[in-house]
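**Student:** starting from these lines, generate the structure:
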Amino acid sequence: MTTRAARGWTFAAICGLLPAALAVALVAAPLLSWAHLPASVAVHWSLGGQPDRASSKSAAFLYAAAYGCLGAVVMWKLVWRRGDAPARPAGAVGLGLLLLAGGASRSLVVTLANAGTRSWMHAPFGITGQVAGIAGPVVLAVIGELVMRRASGVGTTAGGDLEPAVQLGIGAAESALWVGRARSRWALPAAAACIAAGVVAATSGIGWEVGTPLLLAGLFFLQFTSVRVTVSITGVKVAYGTFGWPRTWIALRRIERADAVDVVPLSFWRFSPTTVVLRKGPALSLALGGGGTRFLVTVDDAPTGAGLVNDMLARSRTTQP
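**Tutor:** Numbering: from 1, shown residues only. As a prediction, the model looks like this:
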């Protein structure tokens, strides 16, 4: 299978089939069990698994559907409408999956706990199920985002003629290390807003079922506040977010050349797909061996990073037998 075909299948599976399956689960679970649910259903449980809050079943599932609809809007507006263009914001896939999976998880949890009971007070739900209901959407979102990043990092052959590769002129006996950064304007405010709203919701009586998803969304956004790119004699390392994880490591032997390019969001960039775009402006583009693939990351002072990579490549080629 060609790289382009593999990317197409990955995009269709993560951004098409998986959201569709989550949407079906969100709707099908309550509809199939509607006649077996009490008029009021348990929607919150203590750590001991005993129900301590209820609502009408219509309100409970409308709440879950609201999460799913918001996730569907994110997937459509930020992912499908923009496809593989660099304009797709970093984390859009993960956020969409988090909201969709959160809605589906709530729908399934409420259905499984309440189905077949006469009253919501007789609808216990164990701590294991509660943890799975919260952690499952987060894990799914993180995996989906990482898979899409990996797929977009191995792109199609770049078209057009490039200028001669820029170099800094580092001598054969010299060593150098370059670290570049880029920051997102929207991710940190979004993270702060979600965390603050989650704390308020959890401590003001609204409930943890609202506060927990908001807190998790805030932590999720923190992963896309910045990017740190390190160029050394061994290769290029890209660390994402406040915690510097996940990371992408590209060994020097995999790189054929480096270029500094400009990324303009809100327009389709035809040069190559990207790994992460946090803002418009300079980016480091690496031509990788094996099929003419490319890896791109937005970073400040990209020409210096590209020049150092090319110096390291020139040095390694002159020392090869």
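
**Student:** any regions of the stretch 201-321 of the chain where pLDDT drops low?
**Tutor:** Applying pLDDT under 70 to the stretch 201-321 of the chain flags the ranges 204-210, 264-275, 290-292, 319-321.

**Student:** how about the helices in it?
**Tutor:** Along the stretch 201-321 of the chain, counting by DSSP state H, counting those that start in this stretch, helices occupy 208-222, 302-319.

**Student:** can you list the neighbours in contact with the first one?
**Tutor:** The contact list for helix 208-222 (Cβ atoms under 8 Å, 6 or more residues apart in numbering) reads 43-44, 67, 91, 94-95, 98, 102, 106, 134, 137-138, 141-142, 187-188, 190-203, 241-243. (C-beta placed from N, C-alpha, C; glycine too.)

**Student:** ok, now stretch 243-253?
**Tutor:** Stretch 243-253 is touched from outside by 146, 149, 153, 222-223, 228, 233-240, 275, 286, 288, 295, 297, 309, 312-313, 316, with contacts defined as Cβ under 8 Å, 6+ apart.

**Student:** K57 is nearest to which of the helices of the stretch 201-321 of the chain?
**Tutor:** Of all the helices of the stretch 201-321 of the chain, it is helix 208-222 that lies closest to K57, at 15.2 Å by Cβ to Cβ.

**Student:** would you mind extracting the C-alpha trace of the closest one into PDB?
**Tutor:** Presented in PDB, the C-alpha positions along helix 208-222 are these (Å, rounded to 0.1, in the frame of the first residue of the first chain):
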ATOM      1  CA  TRP A 208     -18.300  15.900  39.000                       C
ATOM      2  CA  GLU A 209     -20.100  14.600  35.900                       C
ATOM      3  CA  VAL A 210     -19.700  18.100  34.500                       C
ATOM      4  CA  GLY A 211     -16.500  19.100  36.300                       C
ATOM      5  CA  THR A 212     -14.500  16.000  35.400                       C
ATOM      6  CA  PRO A 213     -14.800  16.300  31.500                       C
ATOM      7  CA  LEU A 214     -13.900  20.000  31.800                       C
ATOM      8  CA  LEU A 215     -10.800  19.300  33.800                       C
ATOM      9  CA  LEU A 216      -9.700  16.500  31.500                       C
ATOM     10  CA  ALA A 217     -10.300  18.800  28.500                       C
ATOM     11  CA  GLY A 218      -8.100  21.400  30.200                       C
ATOM     12  CA  LEU A 219      -5.300  19.000  30.700                       C
ATOM     13  CA  PHE A 220      -5.700  17.800  27.100                       C
ATOM     14  CA  PHE A 221      -5.400  21.400  25.800                       C
ATOM     15  CA  LEU A 222      -2.100  21.800  27.800                       C
END
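
**Student:** how far out from the middle of the chain is that helix?
**Tutor:** Centre-to-centre, helix 208-222 and its host chain are 15 Å apart (Cα atoms, centre = their mean, to the nearest Å).

**Student:** which ones are touching G289?
**Tutor:** G289 neighbours (Cβ under 8 Å, 6+ apart): R254, I255, E256.

**Student:** filter those residues down to the buried ones, ChimeraX style.
**Tutor:** Buried residues within these, by 16 or more other Cβ atoms under 10 Å, are selected in ChimeraX with:
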select :254,255
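
**Student:** about what we covered before: quick check on the contacts of stretch 243-253: which are buried?
**Tutor:** For the contacts of stretch 243-253, a burial check counting by 16+ other Cβ under 10 Å picks out 149, 153, 222-223, 228, 235-240, 275, 286, 288, 295, 297, 309, 312-313.
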